[in-house]
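Trainee: structure of the sequence below:
(chains A and B)
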Amino acid sequence: DAGITQSPRYKITETGRQVTLMCHQTWSHSYMFWYRQDLGHGLRLIYYSAAADITDKGEVPDGYVVSRSKTENFPLTLESATRSQTSVYFCASSHYLQETQYFGPGTRLLVL
Amino acid sequence: ELKVEQNPLFLSMQEGKNYTIYCNYSTTSDRLYWYRQDPGKSLESLFVLLSNGAVKQEGRLMASLDTKARLSTLHITAAVHDLSATYFCAVDITPSGNTPLVFGKGTRLSVIA
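Mentor: Model (predicted):
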């Protein structure tokens, strides 16, 4: 089906482990984004990408790594997970940078 | 630094009542977005306001934009339970055009009987 998907939807991991969250979109949107959502902080931008092999930091990039080898995929990796990275992670995409973003269903991550 | 402030952050209102959510931002912008998030769900686009004085309406929700006052409002008319959700505004910084949208912290609306 067309749209934007995220996997896994739920993940429990331990401190220090590497975790990769996947994001896939079928619209051929140029821009893709990763946000985390925490109570009291709203949505905070982690990284975004303008095209394959072009990524840029957002508000809270520390502890995260992204890559974008194909336009449709934008994985987010927590290299060494910490408890403070327990959150709900949303991926989004849009045609242009200043345009309506379309959000994926989210991944709930718990770091023990 | 662009700041986007929504108020109130929490709102409990009775069915049938009217209320307004405010979104203030700290720099020049003529493009503003409203999103809705149901509990445990993702964000969905509600309105796109593209110029000063823009007004959009859908059902019991009406959004407006005043770029001179750097203010957008989301007005709720005769609230019903189905409107219970978190509402976010997001602002486009112009004229640079090379930075992502900045989101407010959201207004959590609860409509009670």
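
Trainee: do you know the pLDDT at the residue nearest to residue A:18 when sequence neighbours are not counted?
Mentor: Excluding the flanking residues, the one nearest residue A:18 by CB to CB, 6 or more residues apart in numbering or on different chains is residue A:79, at 5.7 Å. In short, each C-beta sits where N, CA and C put it, glycine included. Residue A:79 carries a pLDDT value of 95.

Trainee: could you measure from residue A:79 over to chain B?
Mentor: 23 Å (CB to the nearest CB, to the nearest Å).

Trainee: distance check, the closest residue to residue A:51 other than its chain neighbours against residue B:85.
Mentor: Nearest residue to residue A:51, sequence neighbours excluded (CB to CB, 6+ apart): residue A:30, at 5.5 Å. According to CB to CB, to the nearest Å, residue A:30 stands 29 Å off from residue B:85.

Trainee: so between these two, which is more surrounded?
Mentor: Shown here are residue A:30 and residue B:85; by other CB atoms under 10 Å in any protein chain shown, residue B:85 has more neighbours (21 against 17).

Trainee: and the more buried one, how far from residue B:21?
Mentor: 11 Å.

Trainee: tell me, what's touching these two both at once?
Mentor: By CB atoms under 8 Å, 6 or more residues apart in numbering or on different chains, residue B:85 and residue B:21 have these common neighbours: residue B:109.

Trainee: which strand or helix spans residue A:49?
Mentor: strand A:42-51 (DSSP states H and E).

Trainee: sweet, I'm off.
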